[in-house]
Structures are given as C-alpha cells and as structure tokens.
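> Sequence and predicted structure, then a few things I'm wondering about:
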Amino acid sequence: MANRQFLLTAVMATGLLFFGAATSAIAQEPFYKNKTVRIIVGGSAGGGYDTYTRLLARHLGKHIPGNPTFVVENMTGAGTLISANHVYKVAKPDGLTIGHFIGGLLLQQVLGKPGIQFDGRKFEYLGVPAQDKS
C-alpha cells in the first residue's frame, strides 16, 4: 500500500512539474512586446524606397507577436551603400534593426567595388516588397 501511495505521489509531482513548465512557456511574453524596430532606408525621404517602406512599416507591427512599433529612418548616400555599411558595422544584431538598400550592392561586393565594408553573406534576407521583371 505504501508503494502505491508513493507511486501516485511521484506521478502527480511529475505531472505538476511538466504542467508548470508548460504554462510558464505559454505565458512567456513575446520578444517584440513594447519594443521599437528601426528600418533604415538607403533612399531619400519621399522616394520610392522610402514610400513603400513607410507603407509596410505602418502594417507590419500587427503581424508580429508583441505588436512592436516600427520607425523608418532615412540614411542616404552613395547609392544606399552608407546605409548598408551602417547596418552591418554599427547597428546591433538584436533583431530590432532592418536595412533596406539596393540588392545590387551584394553583387558589387563580389565585383570588388571600393567602399563596401560589409560581408553580404552575413546579412539575413527577409523578402522584397516589389518584384522587378525587366
């Protein structure tokens, strides 16, 4: 009888342990809650890159757990090279900064264009807001 009571207690304790761990994982707050995500655009304010980045930023927060705030910052110069270098060298890799620059810079890195200070292989690709069919 004592063995049966011990076994029942052990099973209940194990169940509570797993249930407690599961509920704490479920109750965990989303990473992006109360955070601001910066999108650094290599184009000037009012240009094409800026316009559709601002349009996307207005709606992105609704689709990410935690509903973060999105802020668009323009960093113009050198055909978006300044913004790409900044995202690679200065911005923290903490998931709170997104770079939006001309994708052709990655090819220019391969071709040895001067001034490129990033390694394109270390950028993470999120997607494109428009497709070029030229």
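Noted; the coordinates are in hand. Residues are numbered from 1 along each chain as shown.

> Point to the residue nearest the middle of this protein.
The centroid of the chain falls nearest to Gly95 when counting by CA atoms, centre = their mean (4.2 Å).

> how deep is the closest residue to that residue other than its chain neighbours tucked in, by neighbour count?
Once flanking residues are discounted, Gly95 sits nearest to Phe31: 7.1 Å by CB to CB, 6 or more residues apart in numbering. Where C-beta positions appear, they are placed from N, C-alpha and C, glycine not excepted. Neighbour count for Phe31, taken as other CB atoms under 10 Å: 13.

> ok, now Ser44?
13.

> cool, and Gly46?
Around Gly46 there are 9 residues (other CB under 10 Å).

> I figured the residue nearest to Gly95 hits Gly66, correct?
Yes - taking CB atoms under 8 Å as the definition, Phe31 is a contact partner of Gly66 at 6.3 Å.

> Residue ranges of each domain in the protein, please.
1-29, 36-122 (automatic domain parsing).

> Next one: the residue nearest to the centre of the chain from Gly104, what distance?
25 Å (CB to CB, to the nearest Å).

> on that earlier part again, spit out the contact partners of the residue nearest to Gly95.
65-66, 95 (CB atoms under 8 Å, 6 or more residues apart in numbering).

> Including pLDDT, could these go into JSON lines?
Supplementary listing: those in JSON lines, determined by pLDDT from 0 to 100:
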{"residue": "Pro65", "pLDDT": "95"}
{"residue": "Gly66", "pLDDT": "95"}
{"residue": "Gly95", "pLDDT": "93"}
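
> which one of those residues is nearest Ala78?
Nearest to Ala78 out of those is Gly95 (CB to CB; 26.1 Å).
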